[in-house]
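[1] model this:
(chains A and B)
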Amino acid sequence: MAQIEQSDKGGKKKKGAQKKMQIHVDFTPMVDMNMLLITFFMLCTTMIKSQTLSIALPSNEKLEESQQNKTKQSEAITILLDSERDDKGHVVAETDEATGAVYPKHIVYYYEGKPFDVPADQIDKDGDGYVDNDGTLKLKEARFRGNTAGQLNGIRAILHERNTQVLAKVDALKEQRKNGEITEEEFQDQAKAIRNDSTLTRPVVIIKAGPNASFENVISALDEMQINQISRYQIDNINGTDSLLILSYRHAHPGK
Amino acid sequence: MGKPKVKRKSTLIDMTAMSDVTVLLLTFFMLTSTFLAKEPATVITPSSVSTIKVPTEDLVTILVSGAETKSDGTINRAVEGKVFIGITGDSDSLYSSENVRKDLLIEASRLYNERHPNAPVNFTASQVSAFSRLGMFGLPMKDLPAFLDMPTTEQDKVMKEFNPNVVGIPINDNRDINTPNEFQIWMDALQRVAQNYRNNGRTKDNGDTAEPTNKLYDAIKRSGEGIAVKADKDTPFSTIHTVMDNLQTMKLNKFSLMTALKSENE
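    Predicted coordinates for the structure are as follows:
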């Protein structure tokens, strides 16, 4: 392991001269051990730190009716989330026809304003227990599809369209940030001010998750709010009317 | 003609340089590593575009276990929705993880005994110190003393078995703050501990009139960054909604959900 070599070239040496000694220490076992330790630390470390998505729920104290903020019907969009699961309980995967990418099958149903535009006694005129599909049922279906080559897809395009005023201003702001005219902090502050600017037409999104909807599905919906700069959204419990809407939709569009 | 002399070359390679490099790498990894906390259940968090980092200090993690997929592909739903709490304190030694956990256990057991005067649960000093070493806990209060008396290997065994009737902090969809369930008792205790820290705590530099502050208090009560709900992406949202409703009942309306990063295009 450690060797002391005497250089002996056979030549004559002066008397009294010190013998030159070369010391070789073999570092191979040391390197071996270090490598093992490095492997251990590499495997134990979490290099990728988790992110968080912060949400604020309203206080659940009962409010007087006069104190409640009423949402304008023209601004409201209700999103009903559902995930299709197989008989074992796994979320089903589906292939997107346009891109060929595989996504978990998270279905987004949505309607604008009130669930029905007609009085409650006229929603089922043919009496089959489902809401009639002659325009009475306003529910539509979409998916989370992100963007392909700058093109917005799925529910993102629909929400984007409802919030164009805010998004146009934020995009202009993003341009300024890109050109270095404003700092990141200024950008955040100003973007927040735009998002909460009540003079602009902004949607109010109500997110309701069905019993099958997975956590991922709800997070995707919250993401869409962030991407589309929607500041007013809430998570609500699904109710009987919503379930009826989904059942009626499935009845009218079987096998999809 | 004499034979040409074949010079014998030494095969020794100087490993010193290699050793230097490995030691440097080792140092780097040792300094940057944060160990994976021992968690009773493995969950795969969903992806989000949010880029806010999880704080490393003053963090209360609420872990909701996901369903277990067995080898034959069937899903065991019995182990789903079990709740665990993990506490991380300050770098300030006064509010270190160990101290916060100790104070939390004492406060929680006091609140629990107020609710259950017929079956009080009391902890010995050694049990409290054993609790302060737990990164994450999730057992009904009545089972905690016996669990804390076990050696660490035994504790791990209990958590690994993951008997759904044994593990998990009891939780239901109670919305009445006056009849808290055990999860709500823990959350109440947490708020009281943070409030105490704030009341006795460090004051701002700008004089005595300034409001007392405490980082833990701010994290859980003000910014909401100090409470993170961690759950599996395939867990039904209704299960997580129960946890969120419980937090809401305890007036912890702001909190965060743990996610992994993804790009906006996905």
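
[2] how is the residue of the stretch 151-256 of chain A found nearest chain B assigned, secondary-structure-wise?
    Chain B sits closest to A:Glu216 of the stretch 151-256 of chain A, with a gap of 3.7 Å, by C-beta to the nearest C-beta. C-betas here are computed from N, CA, C, even on glycine. Assigned with DSSP: H, G, I helix; E, B strand; the rest coil, A:Glu216 falls in the helix class.

[3] correct me if wrong: it contacts B:Pro46.
    Yes. A:Glu216 is in contact with B:Pro46 according to C-beta atoms under 8 Å; the separation is 3.8 Å.

[4] touching both of those two, which residues are there?
    When contacts are counted by C-beta atoms under 8 Å, 6 or more residues apart in numbering or on different chains, the set common to A:Glu216 and B:Pro46 consists of B:Lys233.

[5] residues in contact with the residue of the stretch 151-256 of chain A closest to chain B?
    Applying C-beta under 8 Å, 6+ apart to A:Glu216 gives the contacts A:83, A:91, A:104, A:106, B:46-47, B:233-234.

[6] ditto for B:Ile44
    By C-beta under 8 Å, 6+ apart, the residues touching B:Ile44 are B:66, B:232-234.

[7] surely A:Arg156 touches A:Met225?
    No. Because the distance of 10.5 Å does not satisfy C-beta under 8 Å, A:Arg156 is recorded as not touching A:Met225.

[8] for the stretch 1-150 of chain A, what spans make up the helices?
    Per DSSP state H, counting those that start in this stretch, the stretch 1-150 of chain A carries helices over the ranges A:28-44.

[9] name the residues of it found near chain B, please.
    A:24-28, A:30-31, A:34-35, A:37-38, A:41-42, A:44-46, A:48-60, A:81, A:88-91, A:146-148 (C-beta under 8 Å from any C-beta of the partner chain).

[10] which of those are buried, as a ChimeraX select command?
    Buried subset of the residues of the stretch 1-150 of chain A next to chain B, written as a ChimeraX selection, criterion 16 or more other C-beta atoms under 10 Å in any protein chain shown:
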select /A:27,30,31,34,37,38,41,50,51,52,53,54,55,57,81,89,90,91,146,147
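
[11] need the strands for chain B, in chain order.
    Listed in chain order, the strands found in chain B under DSSP state E are B:47-48, B:52-53, B:59-64, B:68-69, B:75-76, B:83-88, B:136-137, B:227-231, B:254-261.

[12] what does the second one contact?
    Meaning strand B:52-53. Strand B:52-53 has contacts (C-beta under 8 Å, 6+ apart) with A:49-54, B:225, B:256.

[13] for stretch A:166-173, same thing?
    A:160, A:182, A:187, A:190-191, A:194-195, A:197, A:200, A:202, A:228-230.

[14] pull the distance from that stretch to the chain's centre.
    Centroid displacement of stretch A:166-173 relative to its chain, using C-alpha atoms, centre = their mean, to the nearest Å, is 21 Å.

[15] quick one: average pLDDT of that stretch?
    Looking at stretch A:166-173 alone, the average pLDDT works out to 88.

[16] what of stretch A:145-161?
    The average pLDDT for stretch A:145-161 rounds to 85.

[17] hang on, the earlier thing: of the contacts of strand B:52-53, which is the nearest to B:Leu94?
    Comparing the contacts of strand B:52-53 against B:Leu94 with C-beta to C-beta picks out B:Glu225 as the nearest, at 20.8 Å.

[18] hmm, back to that, now render the contacts of strand B:52-53 as a markdown table, adding pLDDT and distance to B:Glu107.
    Output for these, formatted as a markdown table (pLDDT from 0 to 100; distance: C-beta to C-beta, whole Å):
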| residue | pLDDT | distance to B:Glu107 |
| --- | --- | --- |
| A:Lys49 | 67 | 30 |
| A:Ser50 | 76 | 28 |
| A:Gln51 | 83 | 31 |
| A:Thr52 | 84 | 26 |
| A:Leu53 | 84 | 29 |
| A:Ser54 | 82 | 26 |
| B:Glu225 | 87 | 22 |
| B:Ser256 | 90 | 24 |
